[in-house]
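Trainee: quick one, what's the 3D model for this:
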Amino acid sequence: MKKDVKPTAKLLPFKQNASTECPMYLSHVPAGFPSPADDYLGQALDLNDLLIKHPEATFFVRVEGDSMINAGIYHDDILVVDRSIPPSNNKVVIAVVFGELTVKRLAHKQDKIFLIAENPNYEPIEVTSEMEMQIWGVATHVVHEL
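Mentor: The predicted structure is shown next:
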């Protein structure tokens, strides 16, 4: 098992421009048996409104590596990170460990705190008082290509 404390994310600034609205259809798209599509459009959808609840506290990171693949977070994905959300048990967080960024799941177990990878090839990182560690924010969304 390898310990993953190397940089696993690159910071990307959030720059809110004028909204870019796209049409959104009222009908849902079934993931099972297909049904006829409705010809009705709903209101326009702005991804800023959907993905960014607190613009002044939001930033993006591009993921490097495979330590979070079982959480659906892959190499080159972009995470939307909100600094205004308090980090809590089971949240995916962006942490700085010994000066290097990493994305992990925060876990409280038996009065201890861990940063857990979502890949069995990586060992959990136990957060101790001797460590230089800081949480920068909570990941709220992941953007990746299919």
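Trainee: for residue 115, what are its contacts?
Mentor: Counting by CB atoms under 8 Å, 6 or more residues apart in numbering, residue 115 touches 93, 95, 97, 102, 104, 105, 106, 107, 124, 125, 127, 133. For the C-beta atoms, the positions are set from N, CA and C on the backbone; glycine is no exception.
Trainee: over to residue 137?
Mentor: By CB under 8 Å, 6+ apart, the contact set of residue 137 is 57, 59, 81, 82, 83, 85, 87, 93, 94.
Trainee: in ChimeraX, select just the buried ones from those.
Mentor: Here is the ChimeraX selection string for the buried members of the contacts of residue 137, based on 16 or more other CB atoms under 10 Å:
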select :59,81,82,83,85,87,93,94
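Trainee: now the strands for this structure?
Mentor: Along the chain, the stretches classed as strands by DSSP state E are 2-3, 9-12, 21-22, 45-46, 58-63, 78-82, 92-97, 100-109, 112-116, 122-123, 125-127, 133-143.
Trainee: for residue 78, which non-adjacent residue is spatially closest?
Mentor: Distances taken as CB to CB, 6 or more residues apart in numbering place residue 143 nearest to residue 78, at 4.4 Å, with adjacent residues excluded.
Trainee: good, we can wrap up now.
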